[in-house]
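1. Below are the sequence and a predicted model; questions follow.
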Amino acid sequence: MMRRAAAIAVAAIVLGSALAASLVWLHVPQHAAANSATPVWHEVAWPFSIDQWGKGKAFRCRASDCGVEVTLYLRAKIGFCNCTTGVADDEDLDRMGDTVLLGEVSPRGSGHPIRIASMNGRSRAYTLNSRGAPGKTLVSVVYNERCDMIAATAVIGHDRPEAIEPRVIEFLGGSTAMHWAEVTLGL
């Protein structure tokens, strides 16, 4: 009798575990699960008018690759950064970033320090408040090499920018973005 009860208990645990795993698998879109480890970024046209900082680079990561549509805008701002302190605080980040390209934004909290290759900077998440905004949130990342800086702005199609920020930082430190930074900043 005890052997039968133990066998039923083991079977129930195995069946329960299989059911739980199935529910998790069904809840996560299969395309996001299959591709979430390696986002693919494609260069797209720069959509903004040229201003004092000129034209930048734009990249898109499709929802099938990043789990949500993400568009990343990069621009160099030569001689604009404080040569001594770099991007020291949220005030510097707000002043040097390119959130103004996307309309009215509001910070979702304090920013934090980041490192991209040998460059230090800061990152902060924002909510897009403008009508017709191209996304729900954005992450502004500003980092510098001496007196020159790069402003990176990632527009995200959902309200969880903290989930996308690591992918943006990884792309900025990768070969495509770093090659552009080396050429543009003369590193």
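-> In hand now; what should we look at? Numbers count the residues shown, from 1 in each chain.

2. From now on I want contacts and neighbour counts done on CA atoms only, so please keep to that.
-> OK.

3. pLDDT (mean, whole number) over the helix or strand containing P166?
-> Secondary-structure assignment from DSSP states H and E places P166 in helix 161-173. Helix 161-173 comes out with an average pLDDT of 91.

4. Run through who's touching the helix or strand following that helix.
-> Using DSSP H and E, the helix or strand that follows helix 161-173 towards the C-terminus is helix 175-185. Residues outside helix 175-185 that contact it (Cα atoms under 8 Å, 6 or more residues apart in numbering) are A76, I78, D148, I150, F171, L172, L187.

5. check contacts around the first one.
-> Which is A76. W53, G56, D148, M149, I150, A151, A181, T184, L185.

6. ditto for the fourth one
-> Taking Cα under 8 Å, 6+ apart as the definition of contact, the neighbours of I150 are L74, R75, A76, K77, V142, Y143, N144, A181.

7. just for this protein, where's the confidence low?
-> Along the chain, the parts satisfying pLDDT under 70 run over 1-38, 81, 84, 187.

8. if we can go back for a sec, show only the entries of the contacts of I150 found in helices.
-> Secondary structure from DSSP state H places A181 of those in helices.

9. a markdown table for the contacts of I150, including distance to L101?
-> Output for these, formatted as a markdown table (distance: Cα to Cα, whole Å):
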| residue | distance to L101 |
| --- | --- |
| L74 | 12 |
| R75 | 11 |
| A76 | 14 |
| K77 | 14 |
| V142 | 15 |
| Y143 | 18 |
| N144 | 20 |
| A181 | 20 |
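
10. Show only the entries of the contacts of I150 found in strands.
-> Among those, the members found in strands (DSSP state E) are L74, R75, A76, K77, V142, Y143, N144.

11. Now list the buried members of those residues.
-> Among the ones in strands among the contacts of I150, those buried by neighbour count (16 or more other Cα atoms under 10 Å) are L74, R75, A76, K77, V142, Y143, N144.
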